[in-house]
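Asks: Have a look at this fold, sequence not included:
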């Protein structure tokens with residue numbers, strides 16, 4: 001299956017669009033440090049998704065890419081939390097981000113658990 005057809009890819013795409021939109025409204029003092037790191041980290045997650053999806057014959061490499069995804073994803077969630085605590089976006093946006101990140105976490109963990117079972 002093409003990575004762009006994965007449900008988790010579509011959710012990550014939505015999350016990236018939301019992050020880019022939100023960063024555009026960050027105060028100038030945060031836009032170019034916290035905002036840029038948010039965008040770069042969220043975009044890097046696509047690399048991990050594509051890499052994990054390509055490793056359908058090598059479960060060990062797939063798990064490594066999924067672990068790398070989860071590591072960067074933890075950083076992304078910390079950056080989102082930091083931005084939220086500094087009131088860089090609305091409560092509604094924070095809620096939408098929380099729903100998306102929770103959904104993505106479940107999908108990636110499900111993919112990882114499924115891959116581990118196949119070994």
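Replies: Nice, I can see it. Computed from a predicted structure; not experimentally measured. Residues are numbered from 1 along each chain as shown.

Asks: Now do the buried residues in the lowest-mean-pLDDT helix or strand in the chain.
Replies: Counting by mean pLDDT, DSSP states H and E, the chain has its least confident helix or strand at helix 28-30, which shows a mean of 91. Neighbour counts over helix 28-30 (16 or more other C-beta atoms under 10 Å) mark residue 30 as buried. Where you see a C-beta, it was placed from the backbone N, CA and C, and this is true even at glycine.

Asks: ditto for stretch 69-89
Replies: Quick answer for stretch 69-89 (16+ other C-beta under 10 Å): 69, 72, 73, 76, 77, 79, 80, 83, 84, 88, 89.

Asks: I'd like the next helix or strand past the host helix or strand of the fifth one.
Replies: Put plainly, it is residue 77. For residue 77, the element it lies in under DSSP states H and E is helix 59-85. Sequence-wise, the next helix or strand downstream of helix 59-85 (DSSP H and E) is helix 91-118.
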